[in-house]
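Student: Provide a 3D model corresponding to the input given below.
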Amino acid sequence: METIIRIEELKKRYGEFTAVDGISFDIKRNEIFGLLGPNGAGKTTTISMICGLLPVTEGEVIFTNNNRKDCKTKIGYCPQENIFYPKLTCLEQLLFMGQMYGMPSKIVKQQVLELLNLLGLNDKTHVRAGKLSGGMKRRLNICLVLIHDPEILILDEPEAGLDPQSRILVRDFIKTISKEKTVILTTHNMDEADRLADRVAIIDHGKLLISDTPQNLKRTVGEGDILELVIENNNENARKLFYESIELLSLEILVAGNFPLFLFLFFPGLHFR
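Tutor: Modelled structure (predicted):
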């Protein structure tokens, strides 16, 4: 599969604080690439550098077929926060965004109706955005970043705050859109990464811990379930005691971050219900 983006030794510093610490990976065309890690791991900072919202301290973001300036118009970025004009209807919102990209009115109108239908908002065309439910607002935001038909779609925590119905709809949409576009998403939810991503990079405290397909990550440890565990405000003594308990239970630590304690634990032969 063709590589579309290469990340090489990427770093971001704020004074003495290092938010992203020398991570490297590549992203293939028409794949769903997941950045998995706890809050504050550096996921949002990483994607902000990829799409040009933040300057890079060190390292490179390389778009293999285009220069970085040209690529900005080929990226659709959906941040964690919903951003729209609450007093405009869904239709008005999307038409305005299309015009901002200089798209012909006829093409914009057709694109708007297709997106609203794909994301289950076709019956909300003339409803003001501020009156939508939380899940519908999130779906509208995804429509807004797709209006100019970008090649690369970057989604920051796309399922955050979604109700079950919206979560299923968004997951199905992401899988469908990845047949035509490259999708990069961030999540702190291992189940979301497993269900959606073709490949996953696990990040903690700005460092890349491991990167592979979900299947290969699970295959390395055999059959069983994986528990994601984050313990806040732990000290060194508590950390030592916890690791001793893990050893007594014969559990395997797949990935371990620093403080706060961030672990993926493997339970061989067990399946949680």
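
Student: tell me the helices and strands packed up against the helix or strand hosting residue 170.
Tutor: In the assignment (DSSP states H and E), residue 170 maps to helix 164-177. With contacts taken as 3 or more CB pairs under 8 Å, 6 or more residues apart in numbering; DSSP states H and E, helix 164-177 sits against helix 134-146, strand 182-187, helix 190-196. The C-beta positions use only the backbone N, C-alpha and C, and glycine is treated the same way.

Student: how about the strands in the chain?
Tutor: 3-14, 17-28, 32-36, 58-63, 75-78, 152-156, 182-187, 199-204, 207-212, 224-231, 252-256, 261-268 (DSSP state E).

Student: as CSV, the ones you listed with mean pLDDT would be great.
Tutor: Formatted as CSV, these follow (pLDDT from 0 to 100):
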stretch, mean pLDDT
strand 3-14, 96
strand 17-28, 96
strand 32-36, 96
strand 58-63, 94
strand 75-78, 94
strand 152-156, 96
strand 182-187, 96
strand 199-204, 93
strand 207-212, 91
strand 224-231, 55
strand 252-256, 46
strand 261-268, 50
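
Student: can you give me every residue that contacts residue 125?
Tutor: 89-91, 113, 116 (CB atoms under 8 Å, 6 or more residues apart in numbering).

Student: just residue 50 next, same as before
Tutor: The contact partners of residue 50, taken as CB under 8 Å, 6+ apart, are 5, 7, 61, 154, 184.

Student: of the residues you listed, grab the buried ones for ChimeraX.
Tutor: Selecting only the buried entries of those in ChimeraX, with 16 or more other CB atoms under 10 Å as the criterion:
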select :5,7,61,154,184
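
Student: what count of nearby residues applies to residue 121?
Tutor: 21 (other CB atoms under 10 Å).

Student: ugh, wrong one, I meant residue 89
Tutor: For residue 89, the tally of surrounding residues (other CB under 10 Å) stands at 16.

Student: for the helix holding residue 170, the averaged confidence score.
Tutor: For helix 164-177, mean pLDDT rounds to 90.

Student: would you put the C-alpha positions of that helix in CSV?
Tutor: C-alpha atoms of helix 164-177 as CSV (Å, rounded to 0.1, in the frame of the first residue of the first chain):
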residue,chain,number,x,y,z
PRO,A,164,-24.8,4.8,21.1
GLN,A,165,-26.8,5.4,17.9
SER,A,166,-24.5,8.2,16.8
ARG,A,167,-21.4,6.2,17.6
ILE,A,168,-22.5,3.3,15.4
LEU,A,169,-23.4,5.7,12.6
VAL,A,170,-20.1,7.6,12.8
ARG,A,171,-18.1,4.3,12.9
ASP,A,172,-19.9,3.0,9.8
PHE,A,173,-19.3,6.3,8.0
ILE,A,174,-15.6,6.3,8.8
LYS,A,175,-15.3,2.7,7.5
THR,A,176,-17.1,3.7,4.3
ILE,A,177,-15.2,6.9,3.7
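
Student: buried sites along it?
Tutor: Along helix 164-177, these residues count as buried under the neighbour rule (16+ other CB under 10 Å): 166-167, 169-171, 173-174, 177.

Student: and for stretch 6-26?
Tutor: Buried residues in stretch 6-26, counted by 16+ other CB under 10 Å: 7, 10-12, 18-21, 23, 25-26.

Student: reformat those as TSV; add distance to residue 82.
Tutor: Formatted as TSV, those follow (distance: CB to CB, whole Å):
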residue	distance to residue 82
7	27
10	27
11	30
12	25
18	30
19	24
20	25
21	30
23	28
25	28
26	30
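
Student: which two among those are spaced furthest apart?
Tutor: Largest separation among the buried residues of stretch 6-26 by CB to CB: 18 and 26, giving 22.2 Å.

Student: any idea what residue 204 is bridged to?
Tutor: Beta-bridge pairing for residue 204 (DSSP bridges): residue 207.
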